[in-house]
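Enquirer: only geometry, no sequence info:
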């Protein structure tokens, strides 16, 4: 008998008129690269300025889940290279996030309840978007970059690895979706990328065993895909272990057409990103007033 362990990381796009560090608009559906400020494009000499509404929304969420609001939090640079990341780093919160802990009560079918514990919720900026098809102006076999999404304000909400089935994970995700839309910090539109879920999945023989090697399934934008991806990935890991093989820590993608997860890259650890405090942003101080 195998036990499935799931933790979720949810990227909630905050419902502000402008981006997290620039005055560029957050309106969805405009022409590619039409809402890009110098700050979003990472031009030399420009300085980020934190959007006050983003902080207010993060605090609002923290209070809603009975979390601790950090009196002092810090923005860091998360260094990695992607074509759609102009600066070569993402501004995020690492060691000192704005929201610590919290919990969400989830009701399952049959009126059973579970309590999902949160590790943290931190603020960060979104990256741009690579476009591989569907644009007439792109030559065949070429990709394009749309930076309209670069700098969009995100609240990343991280759970403990405390869910034991795909059904529990989906119930939590739906409950979280209802919460962030009810308190009006997110529009919840999954088709537009306003609510995206990453699932960390591992398996182990016995409930008392240490956690198994986890794989992260990225960018699941529907509850149906979230459920299926967890089921498929857990079955893949169990099959490997039962055949004497090891599970390799990876970041994977779910392909709904083939109904499988595929390796995207080796799973990075924090050290790989070379986090350090962003020298362009002061400490974020929240007082009771």
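Expert: Sure, I can see it. The structure presented is a predicted model; accordingly, all values stated were derived computationally and were not measured. Numbering: from 1, shown residues only.
Enquirer: show me what the top strand by length along the chain is packed against.
Expert: Scanning the chain for the longest strand, with DSSP state E as the assignment, gives strand 113-125. If you count contacts as 3 or more CB pairs under 8 Å, 6 or more residues apart in numbering; DSSP states H and E, strand 113-125 packs onto helix 52-64, strand 89-92, strand 99-100, strand 103-107, strand 153-159, helix 166-182. (Glycine included, C-beta is placed from N, CA and C.)
Enquirer: residue 285: which of those is closest?
Expert: Nearest of these to residue 285, taken as CB to CB: helix 52-64 at 10.2 Å.
Enquirer: the inter-axis angle of that closest one versus strand 113-125?
Expert: Here helix 52-64 runs at an angle of 160 degrees relative to strand 113-125 (axes from the mean of the first three to the mean of the last three CA atoms, to 10 degrees).
Enquirer: contacts for helix 52-64, please.
Expert: 12, 14-17, 20, 67-69, 98-99, 102, 121, 123, 153, 155, 157, 179-180, 183, 185, 284, 286 (CB atoms under 8 Å, 6 or more residues apart in numbering).
Enquirer: among these, which ones are buried?
Expert: Neighbour counting with 16 or more other CB atoms under 10 Å marks 12, 14-16, 20, 67, 98-99, 102, 121, 123, 153, 155, 157, 179-180, 185, 284, 286 as buried within the contacts of helix 52-64.
Enquirer: follow-up on the earlier one: check which residues of the longest strand of the chain are buried.
Expert: Of the residues in strand 113-125, those buried (16+ other CB under 10 Å) are 114, 116, 118, 119, 120, 121, 122, 123, 124, 125.
Enquirer: can you put the residues you listed in JSON lines and add pLDDT?
Expert: Formatted as JSON lines, those follow (pLDDT from 0 to 100):
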{"residue": "114", "pLDDT": "92"}
{"residue": "116", "pLDDT": "97"}
{"residue": "118", "pLDDT": "98"}
{"residue": "119", "pLDDT": "98"}
{"residue": "120", "pLDDT": "98"}
{"residue": "121", "pLDDT": "98"}
{"residue": "122", "pLDDT": "98"}
{"residue": "123", "pLDDT": "98"}
{"residue": "124", "pLDDT": "98"}
{"residue": "125", "pLDDT": "97"}
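Enquirer: go through stretch 187-204 and flag the buried ones.
Expert: Buried residues in stretch 187-204 (16+ other CB under 10 Å): 188, 190, 193-204.
Enquirer: what about that stretch, average pLDDT?
Expert: Averaging pLDDT along stretch 187-204 gives 96.
Enquirer: from the chain's centre, how far out does that stretch sit?
Expert: Relative to the chain's own centre, stretch 187-204 is displaced by 7 Å; criterion: CA atoms, centre = their mean, to the nearest Å.
Enquirer: in three-state terms, label residue 37 for me.
Expert: coil (DSSP: H, G, I helix; E, B strand; the rest coil).
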